[in-house]
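> The sequence and its predicted three-dimensional model are supplied below.
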Amino acid sequence: MFAPKPVSAAIAPSLVPARTSGVAPLAVFFDASGTTDPTTRRPFHDLEYRWDFGDASAGTWTVGAQPGLSKNVATGPVAAHVFETPGTYRVILKVFNGTDANTATATITVADPDSVFSGTNTICFSTDRYPEAFVGCPATAKKITISNFAMAINTYATTGKRLLFRRGDTFTAATAGSLTRTGPGIVGAFGTGVAPVVQMTGRNGILSLSSRDTPNIRDWRIMDLEFDGLNKTSGIGISSGGGINQVLLLNMHMHDIYLGASFNYALLDSHNNKNHPGHTIYDQIAIVDSTITPNTGDGTTGSTGWRIYAAAQHLAILGNTLGNVASTTAMGSHTIRTPYIGKGVISNNTIARPGALNSGTITIKMHAPPWCDATSPAGQCLTLDNTPSLPSYSYLTTTHPIGVFAATTGYTEQVVVSDNHIIGGSGPYLVVLGPQHTLHDERVRDVIVERNWFKAGNSATQAALVIHSSEITARNNICDMTGGHNGGICFQVSLEGVSRLSPEPPPDNIRIYNNTAFKSDMRGKSPEFNVVKIDNYAMNVTVQNNLGYAVASTLSWTPLMISGTGASGLIQSNNSTSSQIKNIFPKWVNATPTIPADFSLTANSYAREAGITTPVWSDFFLNSRPQSSVSGVIDMGAIEGR
């Protein structure tokens, strides 16, 4: 944690919770993107935001780049938290600019579900009739013997109801159950032992949220259940059937399933266009502490979809295990695909091994709705003044699609991707910020990628982070390309394809600060290992304080810190030189690091006190910079020396 600093009236923190009250467990999205500070024109990126949710019982994250981090704290201009215990919480935001700090607070009130769902507002379900079948169910609750999950949901999931399924029982879903009423509501478990299992005995999924006729429902929690897809080649664990807001998926285990969780904006537009109006983009969707793994197919036959497919405002994906972590087998398509995020957090997850469905499978694929592309019919795009426009193929296009995005800026924007363990699979990239392919203008801006631990999957892994977008900051990440492509790239600032074909604007205003890059298995073949590779069309790229090492001392070629210069505006300083990357061990704790702590700098490393002042106020472990001496000079790389 950074030391206390003088309070600065110049920093004006903005703390906006998406909601301030509700029943436990309550997911709340917090937005500080309106914070201002006259010391920077980029407050979203250049200030450090620390959150204390006031939740002493929150526990710790069990996965991600650093298992064991407290759930009660977070960083970033946007954040989210799940309050699982009833009470009143004082949330504190502290904003720091390297010299001064200021704070803001908010109060969140969380109601007790036992009171909100008292008496017969709680319904317990068991597959057996014997008296012990309802042990653990509240005494005054309604008790139902049933094995059909869909029937239980469709019959009893009305406003103000808590539906609890008996732990240890197995329920079936020949068709999907459907939630079509506004909450508050809970679908969960009672009793002790293992989670209730719901088997998808049909092919249409297990649970559908909303419908074409219920565009405005909200406030549901789906939790503590195991969904078994039985290795079928279709069907979704939890899908949206129409517009719905304020959804929390908590402590779910979905496995052997085609697609885990889906919030598909195309379905909303379809309903609106087919005389079922009123559907707007999903809002306040949280997927937390869940495990979602694919079916056992290898993905080559098209039988496996995404673990999460979500387009939403105020999206939180926190503390999940996504993809195959049980073995080194790549499975499924993209692990996470987000076709739109309007303010979001993807943090403290382990996200692993997309499969070989096609050559483009990616661990995290973040893009946006198309503004206009070669497939857009006339009149189906909007200009910035919301008047119909013909499709435009110039990268200066200022149009975006009519439909659920018409009220948005058209960008995926204001997203924090932090503290994740991101593992490659059969595709070439781990994380891509930008369009799907060269025909699409799908704009992404204002994304922070920090404190992630990137790990190559196999020889197919070519790059850890690919940036086809603008206003991006990548800082304090650890990139280990061991096991990846012959050369490999940690940070690639480029457009799709080898030439400029895509209609979106070129990458612009990219900051790559204080990252650590490593590769231990150079094979003596080209291409060289690149820490940063910059496409000829990129503009205004800053690369500073980055540390690299490739075990390649016997090879004739030289790894590169930076390959390419971009079109204009390249700033580079205080990085490892290409000779240092090849020849000089940075004196990490471990010469062949396997965990983030192994990359910590020891005494006499050339990277100690070799950095330049940048807006990076703490390191990978959230220790304040500088730590190594009283000189005030920070270290290179993701981890400050001790």
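Nice, I can see it.
> so who does Ala195 touch?
Counting by CB atoms under 8 Å, 6 or more residues apart in numbering, Ala195 touches 167, 189, 224-226, 253. Every residue, glycine included, has its C-beta placed from N, CA and C.
> just those now: which is nearest Lys274?
The shortest gap between Lys274 and any of the contacts of Ala195 belongs to Leu225, at 31.9 Å (CB to CB).
> now that closest one: how far from Tyr340?
27 Å (CB to CB, to the nearest Å).
> And for Gly637?
Taken as CB to CB, the spacing of Gly637 relative to Tyr340 amounts to 34 Å.
> for Ile364, same thing?
14 Å.
> likewise Pro435?
For Pro435, the distance to Tyr340 - CB to CB - is 13 Å.
> again, but for Asn583
For Asn583 relative to Tyr340 (CB to CB), the value is 45 Å.
> more crowded one of these two?
When neighbours are counted by other CB atoms under 10 Å, Asn583 and Tyr340 differ, and Tyr340 comes out ahead with 27 against 14.
> number of nearby residues for the closest residue to that one other than its chain neighbours?
Spatially, and ignoring its direct neighbours in sequence, Tyr340 is nearest to Ala311 (3.9 Å; CB to CB, 6 or more residues apart in numbering). If you count neighbours by other CB under 10 Å, Ala311 ends up with 28.
> give me the element Ala311 is part of.
Element membership for Ala311, per DSSP states H and E: strand 308-318.
> Just the C-alphas of that strand, formatted as CSV.
Extracted in CSV, the C-alpha atoms of strand 308-318 (Å, rounded to 0.1, in the frame of the first residue of the first chain):
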residue,chain,number,x,y,z
ILE,A,308,-18.3,-16.4,-21.2
TYR,A,309,-19.9,-14.3,-24.0
ALA,A,310,-21.1,-11.0,-22.6
ALA,A,311,-22.0,-7.6,-23.9
ALA,A,312,-23.0,-5.3,-21.1
GLN,A,313,-22.6,-2.1,-19.2
HIS,A,314,-21.1,-2.2,-15.8
LEU,A,315,-19.7,-5.8,-16.3
ALA,A,316,-17.7,-7.5,-13.6
ILE,A,317,-15.9,-10.8,-14.1
LEU,A,318,-14.1,-11.5,-10.8
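> Please tell me how far the following helix or strand past that strand is from the chain's geometric centre.
Going down the chain from strand 308-318, the next helix or strand is strand 321-323, by DSSP H and E. When distances are taken as CA atoms, centre = their mean, to the nearest Å, strand 321-323 is centred 12 Å away from the chain's centroid.
> Tell me which strands the next helix or strand after strand 321-323 pairs with, and in which orientation.
Using DSSP H and E, the helix or strand that follows strand 321-323 towards the C-terminus is strand 336-347. For strand 336-347, the paired strands and their directions (DSSP bridges) read strand 308-318 (parallel), strand 362-366 (parallel), strand 412-418 (parallel).
> Please produce TSV containing the ones you listed, extended by mean pLDDT and distance to Thr122.
Output for the strands paired with strand 336-347, formatted as TSV (pLDDT from 0 to 100; distance: least, CB to CB, whole Å):
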stretch	mean pLDDT	distance to Thr122
strand 308-318	97	27
strand 362-366	94	38
strand 412-418	97	36
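> Output these as CSV; include the columns distance to Lys274.
Rendered in CSV, the data for these read as follows (distance: least, CB to CB, whole Å):
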stretch, distance to Lys274
strand 308-318, 19
strand 362-366, 28
strand 412-418, 26
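> Which one of those lies nearest to Ser115?
strand 308-318 (25.9 Å).
> what separates that closest one from the chain centre, distance-wise?
7 Å.
> same question, stretch 28-45
In this view, stretch 28-45 has its centroid 20 Å away from the chain centroid, taken as CA atoms, centre = their mean.
> Check which residues of it are buried.
When burial is assessed from 16 or more other CB atoms under 10 Å, stretch 28-45 yields the following buried residues: 28-33, 35, 37, 43-45.
> hey, C-alpha coordinates of it in PDB?
Provided in PDB are the C-alpha atoms of stretch 28-45 (Å, rounded to 0.1, in the frame of the first residue of the first chain):
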ATOM      1  CA  VAL A  28     -22.200  -3.300  -6.800                       C
ATOM      2  CA  PHE A  29     -20.300  -1.700  -9.600                       C
ATOM      3  CA  PHE A  30     -18.300   1.400  -8.600                       C
ATOM      4  CA  ASP A  31     -17.400   4.100 -11.100                       C
ATOM      5  CA  ALA A  32     -14.700   6.700 -10.400                       C
ATOM      6  CA  SER A  33     -14.100   7.600 -14.100                       C
ATOM      7  CA  GLY A  34     -15.400  11.100 -13.500                       C
ATOM      8  CA  THR A  35     -12.400  11.900 -11.200                       C
ATOM      9  CA  THR A  36     -10.400  15.000 -12.300                       C
ATOM     10  CA  ASP A  37      -6.900  16.300 -11.400                       C
ATOM     11  CA  PRO A  38      -5.200  19.300 -13.100                       C
ATOM     12  CA  THR A  39      -1.900  17.400 -13.100                       C
ATOM     13  CA  THR A  40      -3.000  15.100 -15.900                       C
ATOM     14  CA  ARG A  41      -5.100  15.100 -19.000                       C
ATOM     15  CA  ARG A  42      -5.500  11.300 -18.600                       C
ATOM     16  CA  PRO A  43      -7.000  10.800 -15.100                       C
ATOM     17  CA  PHE A  44      -8.500   7.500 -16.000                       C
ATOM     18  CA  HIS A  45      -5.000   6.100 -16.700                       C
END
